[in-house]
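[1] coordinates only, sequence not included:
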């Protein structure tokens, strides 16, 4: 499983999503993730909208195996369903 988290510094939901991904990658060899700092990478909400396919109001925006799952709440629920943590 591979997750991509688009987030920004100082966002508590981005921090939480990254913590969940780090915890899962440490506990599961087949789980990998990439955190993309949208500010450092120069990615705008408009850029994310093209990738997500709908308006983006908040971060993080998270993809799991190239499928958009939503934000931190949806990501955490999905990971709890797939991994018992």
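    Good, I have the coordinates. Since the model is a prediction, treat every value here as computed from it, not as a measurement.
[2] got the contact list for residue 37?
    In this structure, residue 37 makes contact with 7-9, judged by C-beta atoms under 8 Å, 6 or more residues apart in numbering. All C-beta spots, glycine's among them, are computed from the backbone N, C-alpha and C.
[3] Throw those residues into TSV and include pLDDT, thanks.
    TSV is the format used below for the contacts of residue 37 (pLDDT from 0 to 100):
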residue	pLDDT
7	97
8	95
9	91
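[4] Distance to residue 72 for the residues you listed - can I get that in JSON lines?
    Shown next, in JSON lines, are those (distance: C-beta to C-beta, whole Å):
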{"residue": "7", "distance to residue 72": "9"}
{"residue": "8", "distance to residue 72": "13"}
{"residue": "9", "distance to residue 72": "15"}
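[5] Can you give the strand pairings for the one helix or strand residue 62 maps to, parallel or anti for each?
    Applying DSSP states H and E as the criterion places residue 62 in strand 61-64. Partner strands and pairing direction for strand 61-64 (DSSP bridges) are strand 2-7 (antiparallel), strand 67-70 (antiparallel).
[6] ranking the contacts of residue 37 by neighbours, who comes first?
    Ranked by the number of neighbours (other C-beta atoms under 10 Å), these place residue 7 first, at 23 neighbours.
[7] now for the helix or strand of the chain with the lowest mean pLDDT, which elements pack on it?
    Within the chain, no helix or strand scores below helix 45-52, which has a mean of 92 by mean pLDDT, DSSP states H and E. Contact here means 3 or more C-beta pairs under 8 Å, 6 or more residues apart in numbering; DSSP states H and E; on that basis helix 45-52 packs against strand 61-64.
[8] chain center to the least confident helix or strand of the chain, what's the gap?
    14 Å (C-alpha atoms, centre = their mean, to the nearest Å).
[9] Report the buried residues of it.
    Residues of helix 45-52 classed as buried by neighbour count (16 or more other C-beta atoms under 10 Å): 48, 52.
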